[in-house]
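Visitor: pasting a predicted model and its sequence here:
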Amino acid sequence: MQRRIILFNTILSSRHIPQTLTLTTHSETLTLDPISPLVSLLSGQFWFRDPSLPTLIKQTLISAPSCLPSLFLSPSLSPQTSLHFFKYLSVHFPSLLSLDSCLALLKSLAKSESFSPMHPLLVSTISSKSNSKEDLKTLLSFLIIVQTEFQFRPSIRCTNTLLMALARFSMHEEMKSLFEKLSRGEIFGEPNLHTYNIMVNAFCKIGHLNEAKLYLNCLLKSGLKPDTHTYTSFILGYCKNEKLDNACKLFVLMPYRGCLRNKFSYSILIHGLCEMNRIKEAFSIFNSMRENGLEPDLHIYTSLIHGFCKIGRVKDAQNLLYEMSLHNLVPNLVCYNALIDGYCKLGQIDLAFNIYKTMELNGTGTKPNVRTYSELICGFCRERKLDKAMALYSKMVESGIKPNVVTFSTLIQAQFEGGEFESAFRLLDSMESFGLKPNEWTWSIVINALCKKDRVLEASSFFESLLKKGIKGSKVVYSALIDGLCKSEKIESAQIWLQRMILEGILPDSYVYCSILDGLCRENRLQEAIGVLNDMVSKGVKPNVVTYTILIDGLMKNGEKINAHKLFYQMLGLGIKPDTCIYTVFIRSFCIEGNMKEAEKLLGEMRSKGVFPNLATYNTLIKGYEKAGLTSQTLYAFGSMLNDQIGPNLESFGVLLRLLIRRKRRGESVNMANVDVWEIVELEHIEELIEEMGKLGFTFKISSFEILVGHLCKIDRLDLAKNLVSKLEKFEGVLLSEDIYNSLVDCSCRLDNILEALEYINLMNKFGYLPRLDSYKIIIFSLCEKGKLKEASEVFCELLSKGYNCDEIAWKIILEGLVRKNHVEIGAKFFTIMEEKGCRPSPQSYDKLVDELADRVHKVGAEYNT
């Protein structure tokens, strides 16, 4: 008994409840009770009418809220007065009531055996004052002692509220302990159906079905029957364990067991099915909701929208978004972000951006967050629209949204891929200003980019510098370096790094070994590659279909067909299923030989096994037929590709154009084997291509014209590109895309047709398109070279209003385009204009730019004096 009293006092004293205030003077030490005036006032009969009460509370409790528990425990106040004062505070000063004060009042009531008001107060305390695991542990200890010392037995409602609070903080061991004591009758009251459901739900939520079933057995043994909540919890548990068939069976069974399905039953199952890409079933269940008198809520719509977007059915997701508005449901951030991500993955970045603009304009308070911006930036980078990505990054920062490591890594990778190494490293440096550190993915991007540019020694040195800084080498970073070295034909260096990786205790995965295998096969070192395969197997790394595809491709290219087939059957023996890529390797070999019958036979075999051809497979077949001079088969294969909803790319168009030109020149002694078809193609051939593809059921869309115009501009066939565009403009309702205009601008700039480039830029501005910043750089430099400084200044001022990233303008236009090309004075002038227009680079860029400008001015002055 004495031990429990000590423990009880320890619980309260550990919460730092002050009893007195000690003041030290020169002559004596005075011990004052800060709550005495308030206790004195509350001791009066009509304390609640006293006008000085609010002031006294502010003076006593607001300045020292930790005094309140002492007040409730004061022997000068009756428990009933303490309770009434507690209620007064809960109305007028609710922020003063802490867990400590609630426990103190409960103790006061328990001492006087005033148990009746304790039950609602205890429920309220558990619900509103349990803000951490520590709070709940304190409550548990307190309740056990209150029961043993004062014979207070909390109601089952109190117990259930406590169990729910424990579940909220994932305190499952404490829940089990409390339930066991409850079941044995040691504490509190008898468990009811709600108690069992809380336990079942808590363990189903974390996917622990076996433990949940133990509590279900307890429920049944007590003579109770499972209800809707019990079944719904088990549906959740099965979904968590990816046992969707069991979840569906239970869902179907519910009405037969007398349990009506509620909105949560539908919501949980639909969400589970969507997570596993079983959208057809999820949508069927969704459609049945209204038949059963239930309206789908926001969560259900969100699950379906996200599910449709995951499998690329973004149009269906968009339709659901529209349906939501008809039912007065406001889409949340998850809905919008799912649609944006879906459109970006389909390459439909304009539609994704329209969703973003909807979020910006709507008045519902659903504003873009860091994920929204990051997904859009990723989408723009994937489509190689780096200027737009950087402009959006600027808007993100201006909106007060802090970019994360994913945002920066995506932009850094895009800058590297665009050849903008200086900009990429500048972004890497700027991460620190946002309190961010590059992660292993970021470092791997840098290393991979350096290797791709054949700067392999720099990549290795960079990795060494990371290790010296204490950044631990990870599998991701090692993989990037090894892969980069292999692609740069530095296979020996890659193998050295592989051994270092193993020595550091990092086990290479199949991806690392595939990089080594690919490097060896590129150098025709096939026996060594087979040795690496055996080595990876001996180390417990399982080869996959990619591993075998690399080796088989190498063997086939070297003419070792028998060994390639042996390896293929070895793969099948290991239970590894062949995919489209490995079949395409074999089909390509037959096509090179001109053995189209075997290629067709293998195509039929892959289809029969549920493996379907992709664009690479069809292009391989089409090239094979065209090379063999089989016109009708070429067109038939093209038609099959279109029937499979696979759109042609530049290679596909090139093969068909070659066929049409050859057919047109029949009788002429022209060898087209080594002729680049794009160098000899004319408008009439492209017109025939459009007509021929129309017969095959293909409608030329703007995306197809983007491919054709883009390539013609890339090889500087500007006149033909313009003729094709003129033909396109004659079609009613056809609007030239941003990509087509940018191709025309870029080509015009390269060919020094500056006035023509400016005309296209004016048209782009008219349609709200964003020209590439590099085009502006060429135009401004060209105008400066020709002495047209006024025109250059006008163009520069115009681009400042387009929303480009200020750092990009400063570096690309001023530094790279002017200062480093000896137009220092005009560069300095433009820098001043930037500042006047409010377009100020980041502090890091600003300092570097000023330093380089000063350095250039000094050099120009020195040269002049010389």
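Guide: Here it is on my side, so go on.
Visitor: gap between stretch 358-377 and the chain center?
Guide: Centroid separation for stretch 358-377 versus its chain: 14 Å, with C-alpha atoms, centre = their mean, to the nearest Å.
Visitor: which residues are contacting it?
Guide: By C-beta atoms under 8 Å, 6 or more residues apart in numbering, the residues outside stretch 358-377 that reach it are 330-333, 336-337, 340-341, 344, 349, 352-353, 356, 389, 392-393, 395-396, 399, 401-404, 406-407, 410-411. Just so you know, the C-beta spots here come from the backbone N, C-alpha and C atoms, and that holds for glycine as well.
Visitor: cool, and stretch 413-428?
Guide: Residues contacting stretch 413-428 (C-beta under 8 Å, 6+ apart): 381, 384, 386, 389, 408, 411-412, 438, 442, 445-446, 448-449, 452-453, 807-808, 811-812, 844-845.
Visitor: same question for stretch 533-552.
Guide: With C-beta under 8 Å, 6+ apart, stretch 533-552 has contacts from 507-510, 513-514, 517-518, 521, 526, 529-530, 564, 567-568, 570-571, 574, 576-579, 581-582, 585-586.
Visitor: follow-up on the earlier one: just the buried residues out of the contacts of stretch 358-377, in PyMOL syntax.
Guide: Under the burial definition 16 or more other C-beta atoms under 10 Å, those of the contacts of stretch 358-377 that qualify are selected in PyMOL by:
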select buried, resi 331+332+333+336+337+340+341+344+349+352+353+356+389+392+393+395+396+401+403+406+407+410+411
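Visitor: so where's the stretch 401-550 of the chain uncertain?
Guide: Scanning the stretch 401-550 of the chain for pLDDT under 70 picks out no residues.
Visitor: where do the helices sit along it?
Guide: For the stretch 401-550 of the chain, the helices defined by DSSP state H, counting those that start in this stretch cover 405-417, 421-430, 440-452, 456-468, 475-487, 491-503, 510-522, 526-538, 545-557.
Visitor: need those in JSON lines (columns: distance to Asp716).
Guide: Output for the helices of the stretch 401-550 of the chain, formatted as JSON lines (distance: least, C-beta to C-beta, whole Å):
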{"stretch": "helix 405-417", "distance to Asp716": "23"}
{"stretch": "helix 421-430", "distance to Asp716": "26"}
{"stretch": "helix 440-452", "distance to Asp716": "25"}
{"stretch": "helix 456-468", "distance to Asp716": "32"}
{"stretch": "helix 475-487", "distance to Asp716": "29"}
{"stretch": "helix 491-503", "distance to Asp716": "37"}
{"stretch": "helix 510-522", "distance to Asp716": "31"}
{"stretch": "helix 526-538", "distance to Asp716": "41"}
{"stretch": "helix 545-557", "distance to Asp716": "33"}
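Visitor: and of those, who's closest to Leu162?
Guide: Comparison of the helices of the stretch 401-550 of the chain against Leu162 by C-beta to C-beta identifies helix 405-417 as nearest, at 40.2 Å.
Visitor: tilt between the closest one and helix 440-452?
Guide: Between the axis of helix 405-417 and that of helix 440-452 there is an angle of 0 degrees, by axes from the mean of the first three to the mean of the last three C-alpha atoms, to 10 degrees.
Visitor: how about helix 405-417 as CSV, C-alpha atoms only?
Guide: The C-alpha atoms that make up helix 405-417 are tabulated as CSV, following Å, rounded to 0.1, in the frame of the first residue of the first chain:
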residue,chain,number,x,y,z
VAL,A,405,15.9,17.2,-52.6
VAL,A,406,13.7,15.6,-55.3
THR,A,407,13.0,19.0,-56.9
PHE,A,408,16.7,19.8,-57.0
SER,A,409,17.9,16.4,-58.2
THR,A,410,15.4,16.5,-61.0
LEU,A,411,16.5,19.9,-62.2
ILE,A,412,20.2,19.0,-61.8
GLN,A,413,19.8,15.9,-63.9
ALA,A,414,17.9,17.9,-66.6
GLN,A,415,20.6,20.5,-66.7
PHE,A,416,23.3,17.8,-67.1
GLU,A,417,21.3,16.1,-69.8
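Visitor: what residues are up against the nearest residue to Ile702 once chain neighbours are set aside?
Guide: Using C-beta to C-beta, 6 or more residues apart in numbering and skipping residues adjacent in sequence, the residue nearest Ile702 is Ser737, 5.2 Å away. Applying C-beta under 8 Å, 6+ apart to Ser737 gives the contacts 702, 705-706.
Visitor: just give the nearest non-adjacent residue to Met837, would you?
Guide: Just so we're on the same page, residue 837 is Lys rather than Met. Closest residue in space to Lys837, ignoring its immediate chain neighbours: Leu800 at 5.0 Å, by C-beta to C-beta, 6+ apart.
Visitor: now do the one you found against Leu789, distance only.
Guide: Separation of Leu800 from Leu789 (C-beta to C-beta, to the nearest Å) stands at 17 Å.
Visitor: Phe308 too?
Guide: Counting by C-beta to C-beta - Phe308 and Leu789 are separated by 55 Å.
Visitor: so these two - more neighbours on which side?
Guide: In this view Phe308 and Leu789 are compared by other C-beta atoms under 10 Å, and Phe308 has more residues nearby, 24 against 15.
Visitor: how about the more buried one, what does it touch?
Guide: 279, 314, 316-317, 320, 342.
Visitor: for Cys381, same thing?
Guide: Going by C-beta under 8 Å, 6+ apart, Cys381 touches 389, 410-411, 413-414.
Visitor: apply 10 Å and report the result again.
Guide: 344, 349, 388-390, 410-415, 417-418 (C-beta atoms under 10 Å, 6 or more residues apart in numbering).
Visitor: can you check Asn723 too?
Guide: Contacts of Asn723 (C-beta under 10 Å, 6+ apart): 682-683, 686, 712, 717.
Visitor: next one: Leu720
Guide: 678, 681-683, 685-686, 708-709, 712-713.
Visitor: so where is the chain shaky, pLDDT-wise?
Guide: Along the chain, the model assigns pLDDT under 70 to residues 1-33, 186-189, 363-364, 666-673, 731-734, 858-866.
Visitor: nearest to Ile761, out of the contacts of Asn723: which one, please.
Guide: Leu712 (19.3 Å).
Visitor: relative to Lys727, how far out is that closest one?
Guide: For Leu712 relative to Lys727 (C-beta to C-beta), the value is 13 Å.
Visitor: of those two, give the one with the bigger neighbour count.
Guide: Between Leu712 and Lys727, counting by other C-beta under 10 Å, Leu712 is the more crowded of the two (24 against 14).
Visitor: ok so, going back, ok, and the most crowded of the contacts of Phe308?
Guide: Gly342 leads those on contacts (other C-beta under 10 Å) with 27 neighbours.
Visitor: check contacts around that one.
Guide: Neighbours of Gly342 in contact, by C-beta under 10 Å, 6+ apart: 305-306, 308-318, 348, 351-352, 355, 375.
Visitor: out of the residues you listed, which end up buried?
Guide: Those of the contacts of Gly342 that meet the buried threshold are 305-306, 308-310, 313-314, 316-318, 348, 351-352, 355, 375, by 16+ other C-beta under 10 Å.
Visitor: now for those: which two are most distant?
Guide: Every pair of these checked by C-beta to C-beta; the farthest is Asp316 and Glu375, at 19.1 Å.
Visitor: in CSV, list the contacts of Cys381 along with distance to Tyr769.
Guide: Compiled in CSV, the contacts of Cys381 are given as follows (distance: C-beta to C-beta, whole Å):
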residue, distance to Tyr769
Cys344, 19
Ile349, 13
Lys388, 10
Ala389, 15
Met390, 16
Thr410, 23
Leu411, 21
Ile412, 26
Gln413, 25
Ala414, 19
Gln415, 22
Glu417, 22
Gly418, 19
